[in-house]
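Participant: Could you look at this predicted model? Sequence included:
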Amino acid sequence: IMKLFIYFSTNASLILTALAYRTDEGKPWVLPVVRKTEKQLADDEALNHEYLPVLGLQACSSAATRMLLGAESRALLEGLAFGVQTLSGTGALRVGAEFLHRQLKYTTFYYSSPTWENHHLVFTNAGFAEPRQYRYWNSETRSLDLDGFLEDLRAAPKDSVIILHACAHNPTGCDPTSEQWTQIADVIEEKQLFPFFDSAYQGFASGDLEKDAWAVRYFADRGFEFVCAQSFAKNFGLYNERVGNLTVVVNNAVHLQPMKSQLTLIVRGMYSNPPNHGGRIVATVLNNPQLFEEWKESVRTMAKRILDMRKGLKERLEKLGTPGTWDHIVTQIGMFSYTGLSPQQVKHLTEKYHIYLLKSGRINMCGLTTKNIDYVAKAIHETV
Amino acid sequence: MATSSRIASVSTSLLKNNQYGISSVVGRASSWWSHVEMGPPDAILGVTEAYKRDTNPKKINLGVGAYRDDNGKPYVLPSVLKAEERLSAKKLDKEYAPIAGSAEFCNLSINLALGEDNEQSKNGLNATLQGISGTGSLRIGAAFLAKFFPGNKEVYLPTPSWGNHTPIFKHSGLNVQQYRYYDPKTCGFDFQGALQDIAKIPEKSIILFHACAHNPTGVDPKPEQWAEISKVVQQKKLFPFFDMAYQGFASGDVARDAFAVRHFVKNGHEIVLTQSYAKNMGLYGERAGAFSLITSSKEAAQTTLSQLKIIVRPMYSNPPIHGARIVTEILSDPSLKSQWLQDVKGMADRIISVRTQLRDNLKKEGSQRDWSHITDQIGMFCFTGMNQQQAERLTKDFSVYLTKDGRISMAGVTSKNVDYLAHAIHEITK
């Protein structure tokens, strides 16, 4: 099903399964600041296509780590955090997982139920032999199953790697509150589990970089050692340039050099060094105050459109008097929403209304536009 | 082990974490990373770093594995610049590429390797995907073979080979073995040694060949020798894995440099082929490369491609587009392609020219040694035949930087420094 939805056509079908941001016209969007930066880079005669260092462009990885942790982060100020430029978020997950398995010999990992389907594959291919799930989504209440989550963590063996979505949980869109994160952190600490954050939507979720990094920063400030995979696919719209970062936070600087040298060996044996083009775009924007502001504005634009669609869909469903509660559409965050529709309802939507969504009931909010939102609301209403 | 390091590090953590109370302190701090040991330093990087620190104005860096022009500067190919201008005007989007990269890129790549009218791509016998330059393509191939190769999961590498081959295969779960290749006595190809060793390889093992411009020696088999090797490989039912990182860059002629690959394929071998555009298009950091499996049926090509994608997805999902778009722009446009062929010939010619100059200068210096291997060898690198002590002296006394195996990168030699270099080498070896 994943291949069907490259094209959006108003009269034929409505694709809510796309994997990328779409404008209100249903089109892909290359951020103006990205085009501008590309032109700037192209005009810079001092630039070429030489190899980047194995761990990536320093200007990119340090800015990415700073963006994640915040310039005031204790970990950064004390020189206890560093970044590795990677092949987008997937590449960061894979390099991180390989490191944890090869160097620390970890073999057990936990992923949320449900989660992005590639998490499991990344870790098992990196050598983890014990995949386990922790409860996450409560389909009855359409909210976080915190009790199940904490119970599963408490039962986890020491040194288990726990994959945590930093924000905009994929696929449910349902994030823990700060209070809930505190409880999650308590258990992770108590059971000596290893946190591995996946941050694919910083800025893209709420429109605010700080807000979307709250959970990661909380863990850092609490003194956790952890890693975090970052992606610039969505928030920079750089999907096919494959720009990402693996942020590593330690508590003792003596480990930095050995870790970097081992990460170097892992990268060298996998792809040698990361791609130059995307790395330079991100480095240039994040390190230039004006470009950075322009970028943040674009990020707010994307986030706001999605938030407007969420609000709009919920309002229409309530106005139509659609049975059930639809609060979850606005309390969920990010690109995806677990609507709570059943597989039969999904089938009906597809067959009768030509609306394509996953049978889990997951929709990509980016597929909604001001032009089709009424149609979708009515279709859902009739279906339910 | 973990327990004792946690206890030992409690005192450190107490200082850092006291705001959250004692319970949050015990058992963390440096506990996670204590097992991590320093990895071996990168030899080649070390050369460049030492070079940078040297204040001698006559210093030469012969460790670099990237092409340099006659002024010692990085070179962006005119065809690449033109392609980039055209691409920028097209204002293409940044949507995810397919997992295997663009079909057009893949077709252009296999046709460059095998020739425009090759039977394999015409009949859909190849499973080709875009890889992260040469390294990434090798890794995909290694992962695929580790999972699906029905024979002996050992890869036989020539002695010596590119240093990174071994980790790539090992990380993928394959064992690595050797066959004789370089003859230090002649600084040339140990043809007999290679044939003998290849004949002893267990049936259905994987054997890796450098398609052209062997790295690090610069020593390539002659066409007749490739033909012999092909026969033995066939007799022993070995599976050929070709690493082609220098097509066009070696002799200046893309067809000539692909001779071995094309010969094997024409003679019925099913092979693995990795291609890199790092050197021949100067696209080093953009990570453009391709991986191909040449099979005997369309079905096999399709099924293997589906499995290859399954390997890519948990590694990096889909490939970086920028470099691949440049390659596509160049190879799909006759005039740009023609420009590129000139550009790559220009690079190859410069390297061949400084090889000649170096050899001539050594003679002029009065060296009695046989330096014919400098011009017999081909591509980026030259195994000078100097031993480690000589290499170290060359660095210490003359600020000429090279790796301790006596390998020099001809890309670092220019018409401006070749006299000094010849003088230095003569002084060390006379």
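Facilitator: Arrived safely, thanks for sending. The shown structure was predicted, so the numbers you read here are calculated from the model rather than taken from an experiment.
Participant: Was I right to think residue A:113 contacts residue A:132?
Facilitator: No - using C-beta atoms under 8 Å, residue A:113 is not in contact with residue A:132, being 9.8 Å away. Bear in mind the C-beta positions are built from the backbone N, C-alpha and C, glycine included.
Participant: which element is residue A:40 on?
Facilitator: Assigned by DSSP states H and E, residue A:40 falls within helix A:32-43.
Participant: need the contact list for the residue sitting nearest the centre point of chain A.
Facilitator: Ranked by distance to the mean C-alpha position of chain A (C-alpha atoms, centre = their mean), the top residue is residue A:200 at 2.1 Å. Applying C-beta atoms under 8 Å, 6 or more residues apart in numbering or on different chains to residue A:200 gives the contacts A:89, A:166, A:168, A:170, A:229-231, A:233-234.
Participant: repeat that with 10 Å
Facilitator: Shown in contact with residue A:200 (C-beta atoms under 10 Å, 6 or more residues apart in numbering or on different chains): A:88-90, A:92-93, A:116, A:165-168, A:170, A:229-235, A:244, A:334-335.
Participant: Okay, and which of these map to helices?
Facilitator: When DSSP state H is applied, the contacts of residue A:200 are split such that A:88-90, A:92-93 fall in helices.
Participant: Now flag whichever of these is closest to chain B.
Facilitator: Nearest to chain B among the ones in helices among the contacts of residue A:200 is residue A:90, at 4.1 Å by C-beta to the nearest C-beta.
Participant: which residues of the chain fall in strands?
Facilitator: Answering for chain A, as no chain was given. A:14-15, A:81-87, A:108-113, A:130-135, A:137-138, A:143-144, A:161-165, A:194-199, A:226-231, A:243-249, A:336-338, A:355-356, A:362-364 (DSSP state E).
Participant: ah, I was thinking of chain B
Facilitator: Using DSSP E, the strands of chain B run over residues B:60-61, B:126-132, B:154-159, B:175-180, B:182-183, B:188-189, B:206-210, B:239-244, B:272-276, B:288-294, B:381-383, B:400-401, B:407-409.
Participant: Can you say which of those is nearest to residue A:319?
Facilitator: When the strands of chain B are compared by C-beta to C-beta, strand B:126-132 sits nearest residue A:319, at 48.5 Å.
Participant: Check whether that closest one comes near chain A.
Facilitator: Yes - interface with chain A: strand B:126-132 contributes B:131-132 (C-beta under 10 Å from any C-beta of the partner chain).
Participant: so how far is residue B:99 from residue B:306?
Facilitator: Distance, residue B:306 to residue B:99, by C-beta to C-beta, to the nearest Å: 10 Å.
Participant: So for the two, which residue has more residues nearby?
Facilitator: Neighbours per residue, other C-beta atoms under 10 Å in any protein chain shown: of residue B:306 and residue B:99, the larger number sits with residue B:99, 19 against 12.
Participant: for that one, what are its contacts?
Facilitator: Counting by C-beta under 10 Å, 6+ apart, residue B:99 makes contact with B:129-130, B:305-306, B:308-313, B:316-319.
Participant: Okay, and the beta partners of the residue nearest to residue B:100 when sequence neighbours are not counted?
Facilitator: Nearest non-adjacent residue to residue B:100, counting by C-beta to C-beta, 6 or more residues apart in numbering or on different chains: residue B:129, 3.6 Å away. In this structure, residue B:129 bridges to residue B:291 when assessed by DSSP bridges.
Participant: per-residue confidence at residue B:129?
Facilitator: At residue B:129, the predicted lDDT confidence score is 98.
Participant: same question, residue A:139
Facilitator: If you check residue A:139, the pLDDT there is 88.
Participant: ok, back up a step: which one of the strands of chain A lies nearest to residue A:38?
Facilitator: Nearest of the strands of chain A to residue A:38, taken as C-beta to C-beta: strand A:243-249 at 12.9 Å.
Participant: For the closest one, what does the pLDDT average out to?
Facilitator: The pLDDT scores in strand A:243-249 average 98.
Participant: Which neighbours in the sheet does it have, and how are they oriented?
Facilitator: Strand A:243-249 is paired, per DSSP bridges, with strand A:81-87 (antiparallel), strand A:226-231 (antiparallel).
Participant: Mean neighbour count, distance to residue B:173 and mean pLDDT added to those strands, as CSV?
Facilitator: Output for the strands paired with strand A:243-249, formatted as CSV (neighbours: other C-beta atoms under 10 Å in any protein chain shown; distance: least, C-beta to C-beta, whole Å; pLDDT from 0 to 100):
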stretch, mean neighbour count, distance to residue B:173, mean pLDDT
strand A:81-87, 28, 21, 98
strand A:226-231, 27, 24, 98
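Participant: contacting residues around residue B:315?
Facilitator: Counting by C-beta under 10 Å, 6+ apart, residue B:315 makes contact with A:87, A:90-91, A:93-95, A:98, A:121-122, A:125-126, A:270-271, B:132, B:136, B:139-140, B:143.
Participant: Identify the residues contacting residue A:167.
Facilitator: Under the criterion of C-beta under 10 Å, 6+ apart, the neighbours of residue A:167 are A:173, A:175-176, A:197-206, A:211-216, A:333-334.
Participant: if you set the cut-off to 7 Å instead, what comes out?
Facilitator: A:175, A:201-202, A:205, A:212, A:215, A:333-334 (C-beta atoms under 7 Å, 6 or more residues apart in numbering or on different chains).
Participant: Which of the contacts of residue B:99 are buried? Put it as a PyMOL command.
Facilitator: Selection of buried members from the contacts of residue B:99 for PyMOL, criterion 16 or more other C-beta atoms under 10 Å in any protein chain shown:
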select buried, chain B and resi 129+130+305+308+309+311+312+313+316+317+318+319
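Participant: For the contacts of residue B:99, give me CSV that also has distance to residue B:253.
Facilitator: As requested, the contacts of residue B:99 are exported to CSV (distance: C-beta to C-beta, whole Å):
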residue, distance to residue B:253
B:129, 27
B:130, 25
B:305, 30
B:306, 36
B:308, 30
B:309, 34
B:310, 37
B:311, 33
B:312, 32
B:313, 37
B:316, 34
B:317, 37
B:318, 33
B:319, 28
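Participant: which bits of the stretch 51-200 of chain A sit near chain B?
Facilitator: For the stretch 51-200 of chain A, the residues found near chain B under the criterion C-beta under 7 Å from any C-beta of the partner chain are A:51-52, A:87-88, A:90-91, A:94, A:103-104, A:118, A:121-122, A:125, A:189, A:192, A:194.
Participant: Out of the residues you listed, give me the two with the largest separation.
Facilitator: Top of the distance list for these (C-beta to C-beta): A:51 and A:189, 40.5 Å.
Participant: just the helices in the stretch 1-150 of chain B please.
Facilitator: B:2-17, B:43-53, B:78-90, B:103-114, B:119-122, B:133-148 (DSSP state H, counting those that start in this stretch).
Participant: ok, now how distant is the most far-flung residue of chain A relative to its centre from chain B?
Facilitator: For chain A, the C-alpha farthest from the mean C-alpha position belongs to residue A:45; by C-alpha atoms, centre = their mean, that distance is 34.8 Å. In this view, residue A:45 and chain B are 9 Å apart by C-beta to the nearest C-beta, to the nearest Å.
Participant: Could you do residue A:139 as well?
Facilitator: Relative to chain B, and taking C-beta to the nearest C-beta, residue A:139 is found at 27 Å.
Participant: Now that residue: closest residue in space, sequence neighbours ignored.
Facilitator: In space, residue A:139 is closest to residue A:340, 6.9 Å off (C-beta to C-beta, 6+ apart).
Participant: how many other residues sit next to that neighbour?
Facilitator: If we define neighbours as other C-beta under 10 Å, then residue A:340 has 18 of them.
Participant: List the contacts of it.
Facilitator: Taking C-beta under 7 Å, 6+ apart as the criterion, residue A:340 is in contact with A:139, A:142, A:328, A:361.
Participant: are any of those buried, and which?
Facilitator: Judged by 16+ other C-beta under 10 Å, buried ones among these: A:142, A:328, A:361.
Participant: How about the last one: what's its closest non-neighbour residue?
Facilitator: It stands for residue A:361. Once flanking residues are discounted, residue A:361 sits nearest to residue A:341: 4.0 Å by C-beta to C-beta, 6+ apart.
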